[in-house]
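> for reference, the sequence and a predicted model appear below.
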Amino acid sequence: MKRTRSFFGMAVLLATVAACAGCAPPSNTSTNGDASSTDTGSDADADSDSDSDSDSDADGDSDTTTSTGFLDGGPGDDCAHAIEVDAPDGGVAVYTGSWDDYGNDFDSANASCDLVAGKPDVFFHAMVRPSNRLLVEEPGFISSTINILSSCAAKECLATSRIEGRDSAYYVNGGTKPMSLYAVVGTRWAMRGDFEIRITNSTVPAGSSCTYPIVVPTDKAPWTTDDLAWSGFFDSFTADATTCPIPSYPTPVLGNDIWFRVDVPPHQILGVVNNDFVSGVQGHVLHVVAECGVSTCLDTADGYSAGTVTYANDADAAKTIFVVVQQVNGIATPPDLTFALLPIPEGFTCKTAFEVAPGALPYAKSGQWLKFIDTGSSTGTGCSPSSILSGSEDVWFKVTVPGGLTLAAVEDGLISTSYNKANLTLHEGCGDSTCLASGSGKLAWSNDASGERTVYLHVERTDTAMGDNFHVALFALEVDEGVDCKNPFVVSSLPWVKDFPIGIDIYLDDMQFTDATCASSSTQGPEVVFRRDMLKDETIKMGLGGLSGLSDSSFQIMVQRACGGDKQCSASMAASSLTYTAAENGPVYFIVEDIYDLGYSFFVSFWTP
């Protein structure tokens, strides 16, 4: 970006002031690039006008005055005698003087103003063109208050002091006609001394706010900022502490802001990189904001642990967002940023979902979570648990499920024992906020129709403890078998094995084992039922495998001759295996209960020991 060059105006003419022993009016220096003057007189010839009688005129007579200096209507003493600012477009007018020569006139108690009651102040007036900014600064040692008013009678302030290494206030004329503005500068503390007031009446610098941002040329991406500097910019963004986190160590002091507007093309990812970022060293903070005027962020890089922000536009039309870079701890180094665009990869939004055809089930997909893809959490009707967390990354699948089968989905992140599970939600269509099914780490949904149905599976990462990779497995299952005593899995020839890729959560928790012979846990979970027609004295071994280190006490095994929650148990234990010998001929039921409803994959084996 090219910085606007400053052009300085001619010397400001100050009116002759009433005589005051030991007092001096504020001197003014203005520059237009070819001449300058410092003049305490009423003309602009850089000399000192003479008045032999030391009164308010130059006629040499002896007028009597009761002037007490500028406390009595001198230039800048009050709003009616405000000093007229003479700073041409792009110019800076500098006024110097002493607070000892001024009293207090401005006393608004309005909350919009920054005011220390009873402290001396000086008034200025300027006509500000449309789209121009009146900027008032007091960079002196003694901290000042600065307020900008629309009129002498106004008690509410249009703009007020900002303290970031220098005191300043500014106001932009956003209308279509010139605007009359008054600036009141006062000392903040009881101590007095000299002041230096700088007033600029110029066009608004691009990047000074979200209303006047630097427009990023996306057709030239990757695009890098050029020739930026912090001067001329101010703190214009108050970030939401929750959505715009900043590092707590070292404690940062946020300063000036520079704003960028980016029209992100459809189905593109915007990445903004701080080229000076060094991990563990405090640098500039980056925020992505959805629209002008909001304080919440879509993404933040704290400048200490991260130096890149991203935004994905999964819409069919371009979307406008804003990027704010904030100066931290007075770091003088200007921001060096690169704006880059790339297509959204397959699978990371609903519209670019991985497609899974009926013949592809069972199906598995592994990959790396992409930080910059966050399409939001699904919290509509049917989306449970109600405590579903807001995810930070997403993966989408478009799955066609054969009629009469159940779609089972699990995300284990290749860490089957992790308790930090992904959110899974299933939707009828892309963009549908309601859920056909949902779950933590897994879900199941039955296609009761006779024909195929296409649904959308949304998988959200909820915790960095889940790791950097995802692993999603999809199955089309018949779940009529094993659901209860009437429809058990029949263990025929030995050895016999049954795999449960998403555990047994798709089965019911409909048995409460009440008989004293059943050592049932007080915690109940879903059950799956097996039947083996056994001969007297036949011995069978049963075991659960693939538990990935889960405790045996996570499961219960009940053995019954007559199946049911209120029936006696021939054997029962909280374990992952048992050996059973039949006392007589007939059917024997083996019931496996997932006590804690963990939902991890495992398999059940029956064999002759």
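Received, thanks. Residues are numbered from 1 along each chain as shown.
> the spatially closest residue to residue 441 that is not a sequence neighbour - how many residues pack around it?
Spatial nearest neighbour of residue 441, chain neighbours left out: residue 421 (3.3 Å); criterion: Cβ to Cβ, 6 or more residues apart in numbering. Yep, even glycine has a C-beta here, placed from its N, CA and C like the rest. For residue 421, the neighbour count with other Cβ atoms under 10 Å is 21.
> and stretch 321-331, what's buried?
321, 322, 323, 324, 325, 326, 327, 328, 331 (16 or more other Cβ atoms under 10 Å).
> show me what secondary structure element comes after the lowest-mean-pLDDT helix or strand in the chain.
Scoring the helices and strands of the chain by mean pLDDT, DSSP states H and E places strand 36-39 at the bottom, with a mean of 35. With elements assigned by DSSP states H and E, the helix or strand that comes after strand 36-39 is strand 83-84.
> got any ranges where the stretch 101-250 of the chain has weak pLDDT?
140-142, 162-166, 190-192, 247-250 (pLDDT under 70).
> repeat that for 90
The model of the stretch 101-250 of the chain has pLDDT under 90 over residues 101-121, 128-145, 153-156, 159-176, 186-212, 220-221, 226-250.
> all strands of it, in order?
Along the stretch 101-250 of the chain, counting by DSSP state E, counting those that start in this stretch, strands occupy 121-128, 132-138, 144-149, 159-160, 162-163, 167-172, 179-187, 194-203, 214-215, 223-224.
> JSON lines for the ones you listed, including mean neighbour count and distance to residue 606?
JSON lines is the format used below for those (neighbours: other Cβ atoms under 10 Å; distance: least, Cβ to Cβ, whole Å):
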{"stretch": "strand 121-128", "mean neighbour count": "22", "distance to residue 606": "88"}
{"stretch": "strand 132-138", "mean neighbour count": "24", "distance to residue 606": "82"}
{"stretch": "strand 144-149", "mean neighbour count": "25", "distance to residue 606": "84"}
{"stretch": "strand 159-160", "mean neighbour count": "20", "distance to residue 606": "80"}
{"stretch": "strand 162-163", "mean neighbour count": "16", "distance to residue 606": "76"}
{"stretch": "strand 167-172", "mean neighbour count": "22", "distance to residue 606": "79"}
{"stretch": "strand 179-187", "mean neighbour count": "23", "distance to residue 606": "88"}
{"stretch": "strand 194-203", "mean neighbour count": "20", "distance to residue 606": "83"}
{"stretch": "strand 214-215", "mean neighbour count": "16", "distance to residue 606": "70"}
{"stretch": "strand 223-224", "mean neighbour count": "15", "distance to residue 606": "66"}
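> picking that back up, so of the buried residues of stretch 321-331, which ones are in strands?
Among those, the ones falling in strands (DSSP state E) are 321, 322, 323, 324, 325, 326, 327, 328.
> what pLDDT does residue 388 get?
pLDDT for residue 388: 43.
> return the distance of the residue nearest the centre of the chain relative to residue 315.
Closest residue to the average C-alpha location of the chain: residue 297 at 3.0 Å, with Cα atoms, centre = their mean. As judged by Cβ to Cβ, to the nearest Å, residue 297 and residue 315 stand 19 Å apart.
> likewise for residue 183?
44 Å.
> ok, residue 266 - how many residues close by?
A count of nearby residues for residue 266, using other Cβ under 10 Å, gives 13.
> please read the previous query as pertaining to residue 526.
20.
> quick check, pLDDT for it.
So, for residue 526, pLDDT stands at 81.
> pretty sure it sits against residue 511.
No. The pair residue 526 and residue 511 fails to qualify as a contact (Cβ atoms under 8 Å) at a distance of 9.5 Å.
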